[in-house]
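> No letters, just coordinates:
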């Protein structure tokens, strides 16, 4: 009887030890960061053409956008990347309307898509650390003209709290308004612009959603980062400056 009791005790301790080890392994796996995490973007072609941008989060979950230039539509992604870099995501416009399947490896991405019975291929790459710095809320700071004249954010020609915000799902909001007439103090607030962006070779391609039957308005913006708090870019012969914190 005593031998049987000892045997049960040993088996019980072994079972508890095994469960504890399994729990630790599962817990450690859940805390692992995906080696593919970061901002990815590129283009797609075939029966549709446009750009895509997505962020692989620490857990491997994917959030992003898929923008058709041919059909003036902005879709969203929902999916994940596995431990081998395989990506499987649904393309969504209110409901699931397609798929985005491929591989993210060696900092390059490629695969195929299907959206509303239109098929094709996609390609792209992982953004650099500098390029990824765009993901933030940037407050308008100043506009410097070729004449040397500079208009700062607190000038009466501007609405207050103008900004650009770039998000990890590849979308952005551009809230900007200036009235250069003889009557300052514009009617505020104004409507903001919405769109998607993708990282290209040395610049950001920004697609503004204008609505209606208009095509997406495309702008190529060459953004630089003078410091951790500031971005600059030239547009229409004006040097625009935005800051995360206006006090710095």
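Thanks, I have it. In this text the structure is predicted, and so the values were computed from the model without any measurement.
> what about the helices in this structure?
2-30, 129-132 (DSSP state H).
> which other residues reach the shortest one?
Contacts of helix 129-132 from elsewhere in the structure, counted by CB atoms under 8 Å, 6 or more residues apart in numbering, are 38, 39, 199, 225. From N, CA and C alone the C-beta is placed, and that goes for glycine too.
> what do you get if the cut-off is 6 Å, keeping everything else the same?
For helix 129-132, the surrounding residues in contact (CB atoms under 6 Å, 6 or more residues apart in numbering) are 39, 199.
> and it, average pLDDT?
The pLDDT scores in helix 129-132 average 95.
> cool, the first one as well?
Rounded to a whole number, the mean pLDDT of helix 2-30 is 42.
> cool, and stretch 55-62?
Taken as a whole, stretch 55-62 has an average pLDDT of 96.
> How far off centre is it?
11 Å (CA atoms, centre = their mean, to the nearest Å).
> residues in contact with that stretch?
Applying CB under 6 Å, 6+ apart, the contact partners of stretch 55-62 are 33-34, 36-37, 39, 54, 63, 77, 79-81, 89, 168.
> Spit out the contact partners of residue 109.
40, 124.
> again with residue 121
46, 112.
> Please name the bridge partners of it.
Counting by DSSP bridges, residue 121 forms beta bridges with residue 45, residue 112.
> Find me the pLDDT at it, would you?
With respect to pLDDT, residue 121 has a value of 98.
> For residue 138, name its beta-bridge partners.
Residue 138 has these beta-bridge partners by DSSP bridges: residue 164.
> thought it was touching residue 242?
Yes. Between residue 138 and residue 242 there is a contact under CB atoms under 6 Å: 3.7 Å.
> joint contacts of those two?
Taking CB under 6 Å, 6+ apart as the contact criterion, the common neighbours of residue 138 and residue 242 are 164, 231.
> So, low pLDDT: which residues of this structure?
Scanning the chain with the threshold set as pLDDT under 70 gives 1-31, 177-186, 211-215.
> swap the cut-off to 90 and go again
Flagging of the chain using pLDDT under 90 yields the residue ranges 1-33, 72, 156-160, 176-193, 201-202, 209-219, 235-236, 248.
> No more questions from me, cheers.
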